[in-house]
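In: model this:
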Amino acid sequence: MSAEEAIFQVLPGGTAYEASVRVTAGEYTFWSPGVLGERVPLQVEDIEVLGPEGPVEYRDRGRGAITFPEGNYTISYRAPLRDNHFVAAFDEPYSVKLILPPGLDVKNPLLGMVTRGAVTSPGPNGTQEIAWNQLKVVEVRFYTPEREILLTTFGTIWLSVAIILLLPFAVSWRRGHR
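Out: Sure, this is the predicted structure:
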């Protein structure tokens, strides 16, 4: 199985994504790496296998695998996301693009994360596009503006507390060294 290109679009709200994956194969497995690197089957819905002449019948083998006649296809499906975290893994290197809807971001390194080698650019209608060339695994952790506001608020409060607690110590230390 080889995947030439994969396009993933996170849906508004960040709880699911739609995928369009080009393959040259006779089977395809929907999976994500587990904690120990094992293959964990994805729970996908709305699967469609499209060939040059249109939709192609496929057979569900269970455990996230489907089979179809050998050939070039585009497989589309929808899958859930958890905890604002996206991971896509393939057996062979491939080019992938992830599209985030308006309101989701990855720029703050304390909240967001993108696999190295990515090119991030603004897309149409306020979307954000993240692209990689020839990788086997890509990973993105995104966040909402509300989370960034919470981080800023939390950081400001702790910085204020630190200053209030350290100021008397600094003043007394300075007096002692005169």
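
In: how is the chain carved up into domains?
Out: According to automatic domain parsing, the chain comprises the domains 2-143, 145-178.

In: confidence score at Gly126?
Out: Gly126 carries a pLDDT value of 91.

In: quick check, it in contact with Leu104.
Out: No - using CB atoms under 8 Å, Gly126 is not in contact with Leu104; the gap is 10.3 Å. All C-beta atoms are positioned from the backbone trio N, CA, C, and that covers glycine.

In: quick one: the helices in this protein?
Out: Here the chain has its helices, by DSSP state H, at 145-176.

In: higher neighbour count, Gly126 and Leu104?
Out: Leu104 (20 against 10; other CB atoms under 10 Å).

In: the residue nearest in space to the middle of the chain pairs with what?
Out: Closest to where the C-alpha atoms of the chain average out (CA atoms, centre = their mean) is Phe86, at 2.7 Å. Phe86 has these beta-bridge partners by DSSP bridges: Val140.

In: what is the burial count for Val49?
Out: Neighbours of Val49 (other CB under 10 Å): 20.
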